[in-house]
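In: model this:
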Amino acid sequence: MLLVLDNCEHLVDGAAELVGRLLEQTVGLRVLVTSREILSVSGEHVLNLPPLPMTADGAGAPELFAQRAAAVYTDFALDDSNIDAVRRICERLDGLPLAIELACTRLAVLSVHDLADLLDRRMSLLTVTSRDLAPRHRSLQAAVDWSYELCSATERLFWQRAAVFAGGFDLQAAETVCNDEALPVDDVLDAVSALVAKSVIVSETVDGRTRFRMLETIRQYGWGRTPAAEQRRLHARLLDYCARLIIEVEVNWYGPDQLAKASVIEANRGNIRAALHWVMTDPAGKESSMVAARALGAARFLWACGVSIPEHRMWLTRALELDSVDVCTKGRILAVLALVQTLQGDRDAADYSILRARELSTGVDPVTEAFAQHTAGLREFFAGEFGPARDLLDAAGARYRALDAGPALLSTLQVHRGMLLSVTGDLDEAYATFGEVYDATDAVGERWFHAYATHGLGLVALLRGDPDRAAALATSALDRHRAFGDVLGTTLMTDLLGWALAARGDGRRAAVVLGAASALWGSVGRQLYGSERWNAMRSTAIDDARENCGTAVFDRAWERGRAMSAADLEAFLFDDSDRDQRESVAEPCGVRLSPREAEVADLVAAGCTNREIAERLVLSTRTVEGHVERVLRKLGAARRTEVASILGTA
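Out: Sure thing, here's the model as predicted:
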């Protein structure tokens, strides 16, 4: 017998007692329980039901939306005109089925696009007056009220305070930010555990680390319950916590703890963004302004920890507008800003930042003054002024050593100096410079500088006429580097791999890789820092690849690469699963299809219609349509009839 007990969270003690007695006193009985809180009885197996997924083919949350919308508006169907708005709605509603169903009732008076625009008023908008629904299901507000009322006073207090975390949190963050006399540190773990058990907080373990988060709907509800004065206090404490994380990653940037610290920054991007937004837009006071400014002035490598270079630049620029920032801190912010602007290829803006940083740091902060000189040398290098660039870099290096500025700054300078020496033809000295960084970082277990040094050795190998070794070193650099959220480094190393592949005659694969690098540069700034010398080397590689494989093949492979995300590129370069299938289906055109896409592509090549494919693979026709669209895009095909010839099955 199967006994189903639905919606037990408000009677969890009684339900647990009943189920326990039934299981003890019967045989052949299984009980299926739905509840926001587990029963905690012997023999219980818990299956957490996550929100509906957001899939590229329109399944999951958008599919439910379409079904419920059709019940309100008979002619509704997902198509190109509304799919983006539907995805936006489903994302804002966290994929919650109840929220999606309630949202669809509004389509009687709102268009899909209007609904998407209005969903910032999430709770008040999602109400329905259907008489056949329980009161707690007539609005999203009532449904969340139901959960809130089932919590203890301590659990409610923690729910409100944890809502300050816009990007999830771990236990240490919760204990640091949320505790006080009303909620002692010793009570935080119990509160977290209770809210996880009640499905208010979601627990996730990735790479052995456990983090917690609330669905956005739940988080906003808790924040709305928090008094304004308490919100300001929590924002200030979150800022203090995030500032410590930023400073810790700078202190530990060279050494074995580097990746762990960088990963913490990447995991807390949402919290860092929320904390900085608060201090930049709210009259937070002098103390909080200085906390933010000092952290950003220390954050030379924040852009390598998953915070994009454009966003890093934005926060640095806005920090300069904060009140009561002292001269020393402002000089440090300007020096970091100059580096970011230089890496983006914005040399005019970098000129001003370098000048101001050197003015403010002279006689006050010698390390920052040397760093600004270093950045000036890098700026001259990218501008093609190689002589002045070398003089500035050498002078900055001498000052770093005299000041004992630390291995991180010195390694940064050596990598930049090695890059300069490579393009000026001083290959032996470039090799020695990169080799010094390579050996020193390898000895202490450092990974980020080690990847850049490996890239540098690959560059020297390519310039010495050894593209096979260059390709191997570029791949090794990417492999070591991919654990970091450093899009700039990934793009630079990907470009080198494309150059090496083109030089050894692998034109189709080079085109994919170079296309991917070209798209990635767009998220950083000007391609290859706006350096004419580097871009000339890139143009030569593109010409070689096109000549090797022909214009038509090159263009398809190039567009395929440009359509890749960073994750797609990583899978293309490193995912060895389904290798046989990938080679048989995709290697002729240099693209990787997923196993399902490969099945669909074969059936399209065989002349099957979408309906026939759906029947063969037991999928909905709409899902097949999404697969076919992606296959055509990845293969660079304009029509279905081209698939067979591209795959070589015609």
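
In: which secondary element of the protein has the worst mean pLDDT?
Out: Scoring the helices and strands of the chain by mean pLDDT, DSSP states H and E places helix 579-585 at the bottom, with a mean of 35.

In: could you say what helices and strands the lengthiest helix in the chain packs with?
Out: The single longest helix within the chain, with elements called by DSSP state H, is helix 228-251. Of the remaining helices and strands, those touching helix 228-251 by 3 or more C-beta pairs under 8 Å, 6 or more residues apart in numbering; DSSP states H and E are helix 153-162, helix 171-178, helix 258-267, helix 269-281, helix 286-298. Using the backbone N, CA and C atoms, a C-beta is placed for each residue, glycine as well.

In: Next, the buried residues of the second one.
Out: Within helix 171-178, the residues that count as buried by 16 or more other C-beta atoms under 10 Å are A173, A174, E175, T176, V177, C178.

In: same check, this time on the first one
Out: Buried residues in helix 153-162, counted by 16+ other C-beta under 10 Å: T154, E155, R156, L157, F158, W159, Q160, R161, A162.

In: Can you convert these into CSV and add a column each for distance to C104 and pLDDT?
Out: Formatted as CSV, the entries for the buried residues of helix 153-162 read as follows, by distance: C-beta to C-beta, whole Å; pLDDT from 0 to 100:
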residue, distance to C104, pLDDT
T154, 37, 96
E155, 32, 96
R156, 31, 96
L157, 35, 97
F158, 33, 97
W159, 28, 97
Q160, 30, 97
R161, 33, 97
A162, 30, 97
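
In: ok, those residues vs W253, which is closest?
Out: Closest to W253 out of these is A162 (29.7 Å), distances taken as C-beta to C-beta.

In: show me what contacts the closest one?
Out: F169, A174, C178, L195, I201, F212, M214, R219, G222 (C-beta atoms under 8 Å, 6 or more residues apart in numbering).

In: Point out where the stretch 501-650 of the chain drops to low pLDDT.
Out: For the stretch 501-650 of the chain, applying pLDDT under 70 flags the ranges 576-592, 594-595, 618-620, 648-650.

In: now the helices: where do they sit in it?
Out: When secondary structure is read from DSSP state H, counting those that start in this stretch, the stretch 501-650 of the chain shows helices at 507-521, 532-549, 551-562, 566-574, 579-585, 595-605, 610-617, 621-635, 643-647.

In: Next up, the contacts around the one residue sitting closest to the centre of the chain.
Out: When the chain is reduced to its mean C-alpha position, the closest residue under C-alpha atoms, centre = their mean turns out to be G306, at 6.4 Å. With contacts taken as C-beta under 8 Å, 6+ apart, G306 has the following neighbours: A262, I265, E266, R269, F484, G485.

In: In space, what's closest to W521 - neighbours in sequence excluded?
Out: Once flanking residues are discounted, W521 sits nearest to Q527: 4.3 Å by C-beta to C-beta, 6 or more residues apart in numbering.

In: wait, isn't that neighbour in contact with S518?
Out: Yes - applying C-beta atoms under 8 Å as the test, Q527 and S518 come out as touching, 7.0 Å apart.

In: my guess is K261 meets V249, correct?
Out: Yes - between K261 and V249 there is a contact at 4.3 Å, judged by C-beta under 8 Å.

In: Which of these two has more residues huddled nearby?
Out: Set side by side, K261 and V249 show unequal neighbour counts under other C-beta atoms under 10 Å, the larger going to V249 at 25 against 18.

In: who touches that one in this structure?
Out: Shown in contact with V249 (C-beta under 8 Å, 6+ apart): Q258, K261, A262, V264, I265, A299, F301, L302, C305.

In: Could you measure from it over to A516?
Out: 28 Å (C-beta to C-beta, to the nearest Å).

In: about what we covered before: please tabulate the buried residues of helix 171-178 in CSV, including the columns distance to A563.
Out: What follows is the buried residues of helix 171-178, written out as CSV (distance: C-beta to C-beta, whole Å):
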residue, distance to A563
A173, 37
A174, 40
E175, 44
T176, 42
V177, 40
C178, 43
